[in-house]
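Chemist: would you be able to build a 3D model of this:
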Amino acid sequence: MTRLFSPLVKARGFTLIEVLIALVVTAVGLLGLAKMQALAISSTKTSGNRSLIALQVGSLVSAMHANKAFWTSAAVPSTFSAATSVVSDTSGILNATVAGGCASLCTPANMAANDVQVWAADMNKQFPSYTAKVNCTNGTNQPVSCQIYVTWTESNVALSQTSSGGASSPAPSFSVFVKP
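Modeler: Residues are numbered from 1 along each chain as shown. Next comes the predicted model:
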């Protein structure tokens, strides 16, 4: 009986090529894991920002509800906007300077101006690139209703080169309809 296998052929183990292939597969897997981690962190930051925007807009809505004397009157401007800490209002009511921040007695218009200006300053602290536009309808036989529309910029991590992310993605927006 002849032996077909020599003792050297029976030796088992990994060759250098197998080890290199295993290292490449492991490296690709770890790079994919790192990309998933970066995407998860970016998504968490984005959702946190969107939640804060919703809370900030909710605070403006609450201020409108708290000051019904102004927000249900005929003096409500049909539109006003805010960007950075500047409130733009063609009627001159909401961008008027309020002495002492309405700490003492003030009119409902002064209180509304103070509320909107403080809201704009708070928005600017958290989202320096935001813009807000408020359109109000004030019909003769209808209650006042307002649409608050806020846009801002945010940076995203792209999932791949073909997916949207970074500066090329459209600006996110948030809008609320309110009847003060």
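
Chemist: run through the chain and note the low-pLDDT ranges.
Modeler: For the chain, the stretches flagged by pLDDT under 70 are 1-12, 140, 157-169.

Chemist: tell me which stretches of it form helices.
Modeler: 16-66, 68-71, 108-126 (DSSP state H).

Chemist: which one, of these, ends up nearest to Ala132?
Modeler: Comparing the helices of the chain by their distance to Ala132 (Cβ to Cβ), the top pick is helix 108-126, with 6.9 Å. Yep, even glycine has a C-beta here, placed from its N, CA and C like the rest.

Chemist: ok, Gly58 - contacts?
Modeler: By Cβ atoms under 8 Å, 6 or more residues apart in numbering, the contact list for Gly58 reads Val176.

Chemist: what's the separation between it and Tyr130?
Modeler: When Cβ to Cβ, to the nearest Å is applied, the distance between Gly58 and Tyr130 equals 15 Å.

Chemist: burial measure for Ala66, as a count.
Modeler: Residues within reach of Ala66, counting by other Cβ atoms under 10 Å, total 14.

Chemist: how close does it sit to Leu55?
Modeler: 16 Å.

Chemist: what's the answer for Thr44, then?
Modeler: Thr44 sits 17 Å away from Leu55, taking Cβ to Cβ as the criterion.

Chemist: now Ala103
Modeler: Ala103 sits 25 Å away from Leu55, going by Cβ to Cβ.
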